[in-house]
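Q: my questions are about this predicted structure, shown below with the sequence.
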Amino acid sequence: MKKLIDKLFKENYLNGQELLELLNNITEESKEYLMQKAHETSINTYSNKVFMRGLIEFTNYCKRNCVYCGIRASNKNADRYRLSLEEILYVCDMGDRLGYKTFVLQGGEDDYYTDDKIVEIVSAIKEKHPNSAVTLSIGEKSYEAYKKYYDAGADRYLLRHETASRELYKKLHPNASFENRIQCLWNLKDIGYQVGSGFMVQLPGQTNEDYVKDLLFLKKLSPHMVGIGPFISHKDTPLRKEKNGTVEVTTTLLSIIRLLLPDVLLPATTALGTIDPLGREKGLKAGANVVMPNLSPISVRKKYSLYDGKICTGDEAAECRKCIEGRINKAGFTVDLSRGDNINWRRK
């Protein structure tokens, strides 16, 4: 195991067979060594900085029916909401006062927000906060739509591929195209975005072979950001009785991703903090270097319920910011409130 980890550390690559061997045979001792090497790589690339992004969950309407997601179209129990342009700008102004220089606009695939509306939102944020980065996470769109958002000033786009196994993707995403999902990511790269992809960990039926496909796909795509998080069930979905993912498997995969893609921006997700009170800190020590505190109005936070038990739904934005900064410092890292671009990215 140590030889494989050293090879991954030095060459930033393992083939499929080697990755599978690592995942199948990792022990507590080799896991510790893997995390140590991932942490070293993160420090060498970005120092001990943890970049903060302000998350704005602006709509929980979604036309998709992904079987694990609490805001899926067929969930009649979801309490739906949409934020207006004025509300989004108010939240950005508040975030700016708290020092945030990246705003992440995340929502379900909601056709109410036409391309023109998204362009209007992005342009308005950029006009008020020209030195801030705008990240969109609003699902699958056409090449032309992505280009319009980019031309309006959007800097980054998050679109998890969810799983690189075509079979598993089909089971989890009714009436959705795996091929289109992947094509969207290549389109985003072609346009010039900082692109974020990623996958869910320990989905029902997911295997180490599936993770190998994910890791090899990420190596090929070479995204600027990768978001992974444990599967957590939601009471109003078909997967409500399934077992949740673990911090242990998620942090192993975080460390491998850090070594495969040394320059990547890698969040320690809210989902990690939900399954373990120290989950985000464990993620940072495994090679992650981004956190995304929630800036959404408290009145809607509980409504953006992708999974059960989500943390920080009742905290004021200022409290959230102070709390996470304290935890980051205590874990031995420093908070960086700059835009925090990927070191290899330049806007076209």
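A: Perfect, thanks for sending it.
Q: where exactly do the strands run in the stretch 1-150 of the chain?
A: For the stretch 1-150 of the chain, the strands defined by DSSP state E, counting those that start in this stretch cover 49-52, 54-59, 102-107, 133-137.
Q: list the buried residues in the longest helix along the chain.
A: Determined from DSSP state H, the single longest helix within the chain is helix 28-46. Within helix 28-46, the residues that count as buried by 16 or more other Cβ atoms under 10 Å are 30-31, 33-39, 41-42, 45-46. Any C-beta I mention is one placed from the backbone N, CA and C, and that applies to glycine too.
Q: L278: which of those is nearest?
A: Nearest to L278 out of the buried residues of helix 28-46 is M35 (Cβ to Cβ; 14.1 Å).
Q: isn't that closest one right next to T250, touching?
A: No: taking contacts as Cβ atoms under 8 Å, M35 lies outside contact range of T250: 11.9 Å.
Q: ok, the residue nearest to G107 when sequence neighbours are not counted - how many residues close by?
A: Of all residues not flanking G107 in the chain, T59 sits nearest, at 3.9 Å (Cβ to Cβ, 6 or more residues apart in numbering). Using other Cβ atoms under 10 Å, T59 is surrounded by 22 other residues.
Q: I'd like the numbering to begin with 26 instead of 1 from here.
A: Let's use 26 as the start, then, which means that last one is T84.
Q: who does L80 form a beta bridge with?
A: Beta-bridge partners of L80, counted by DSSP bridges, are V129, N319.
Q: quick one: residues contacting it.
A: L80 is in contact with 129, 131, 317-321, counting by Cβ atoms under 8 Å, 6 or more residues apart in numbering.
Q: farthest-separated two in these?
A: Using Cβ to Cβ, these span at most 12.9 Å, a distance reached by Q131 and P318.
Q: just to revisit the earlier point, now flag whichever of the contacts of L80 is closest to G254.
A: M317 (11.1 Å).
Q: picking up where we left off before, where's the residue nearest to G132 relative to G164, distance?
A: 11 Å (Cβ to Cβ, to the nearest Å).
Q: shared neighbours of the two, anything?
A: Common contacts of T84 and G164 (Cβ under 8 Å, 6+ apart): G133.
Q: tell me the centre residue of this structure?
A: Nearest to the mean C-alpha position of the chain, by Cα atoms, centre = their mean, lies G252 at 3.2 Å.
Q: skipping adjacent residues, who's closest to that one in space?
A: G223 (3.7 Å).
Q: what does that neighbour show for phi and psi?
A: Phi and psi for G223, reported as degrees, to the nearest 10, are phi 150, psi 180.
Q: contacting residues for it?
A: 183, 185-186, 243, 250-254.
Q: name the nearest of those relative to E344.
A: G254 (22.7 Å).
Q: quick check: bridge partners of the closest one?
A: Taking DSSP bridges as the rule, G254 bridges to M225.
Q: please look at Y332 and P255 and confirm they touch.
A: No: using Cβ under 8 Å, Y332 is not in contact with P255; the gap is 9.2 Å.
Q: between these two, which has more neighbouring residues?
A: Of the pair Y332 and P255, P255 is the one with more neighbours under other Cβ under 10 Å, namely 25 against 22.
Q: got a list of what that one touches?
A: Contacts of P255 by Cβ under 8 Å, 6+ apart are 225-227, 269-272, 274-275, 296-297, 300.
Q: spatially nearest residue to it (excluding sequence neighbours)?
A: Once flanking residues are discounted, P255 sits nearest to G270: 2.8 Å by Cβ to Cβ, 6+ apart.
Q: also D235?
A: Distances taken as Cβ to Cβ, 6+ apart place S190 nearest to D235, at 4.5 Å, with adjacent residues excluded.
Q: neighbours of that neighbour, how many?
A: Applying other Cβ under 10 Å, we find 23 residues neighbouring S190.
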